[in-house]
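*Asks:* Fold the following and give me the result.
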Amino acid sequence: MINFEEELKKFHPSLEVEEVEEAIYNQDLTDMADILVKMVKEAKVEEE
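*Replies:* Predicted coordinates:
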């Protein structure tokens with residue numbers, strides 16, 4: 001059976017849209033395009 005008091009202790013309110021946006025933009029996220037650009041630059045340096 002669900003213990004509502006225990007579940008309420010675990011509850012954390014979700015971030016508001018503005019807070020989520022700020023949290024996402026403040027992270028340094030590397031995507032596939034960044035990885036490919038880095039690999040191409042490294043390959044060019046190795047060729048020289």
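*Asks:* Could you use CA atoms for every contact and neighbour count after this?
*Replies:* OK.
*Asks:* looking at this structure, which helix or strand is least sure?
*Replies:* When the helices and strands of the chain are compared on mean pLDDT, DSSP states H and E, helix 17-25 comes out lowest with a mean of 80.
*Asks:* Quick check: next helix or strand after that helix?
*Replies:* helix 32-47 (DSSP states H and E).
*Asks:* what comes up buried for that following helix?
*Replies:* Within helix 32-47, no residue is scored as buried using 16 or more other Cα atoms under 10 Å.
*Asks:* Please compute how far it lies from its chain's middle.
*Replies:* Relative to its chain's centre, helix 32-47 lies at 23 Å (Cα atoms, centre = their mean, to the nearest Å).
*Asks:* which other helices and strands contact that helix?
*Replies:* Packing contacts for helix 32-47, counted by 3 or more Cα pairs under 8 Å, 6 or more residues apart in numbering; DSSP states H and E, involve no helix or strand.
*Asks:* How about residues contacting it?
*Replies:* By Cα atoms under 8 Å, 6 or more residues apart in numbering, no residue outside helix 32-47 reaches it.
*Asks:* Point out where this structure drops to low pLDDT.
*Replies:* Across the chain, not a single residue meets the criterion (pLDDT under 70).
*Asks:* run the last query once more with 80
*Replies:* In the predicted model of the chain, residues 14-15, 23-24, 26-30, 48 satisfy pLDDT under 80.
*Asks:* what sits against E5?
*Replies:* With contact set as Cα under 8 Å, 6+ apart, E5 has no partners.
*Asks:* Output the least confident helix or strand of the chain as PDB, restricted to C-alpha atoms.
*Replies:* Below are the C-alpha coordinates for helix 17-25, written out as PDB (Å, rounded to 0.1, in the frame of the first residue of the first chain):
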ATOM      1  CA  VAL A  17      10.000  27.000 -17.500                       C
ATOM      2  CA  GLU A  18      12.300  29.900 -17.000                       C
ATOM      3  CA  GLU A  19      14.300  28.000 -14.400                       C
ATOM      4  CA  VAL A  20      14.600  24.900 -16.700                       C
ATOM      5  CA  GLU A  21      15.700  27.100 -19.600                       C
ATOM      6  CA  GLU A  22      18.400  28.700 -17.400                       C
ATOM      7  CA  ALA A  23      19.600  25.400 -16.000                       C
ATOM      8  CA  ILE A  24      19.900  23.900 -19.600                       C
ATOM      9  CA  TYR A  25      21.700  27.000 -21.000                       C
END
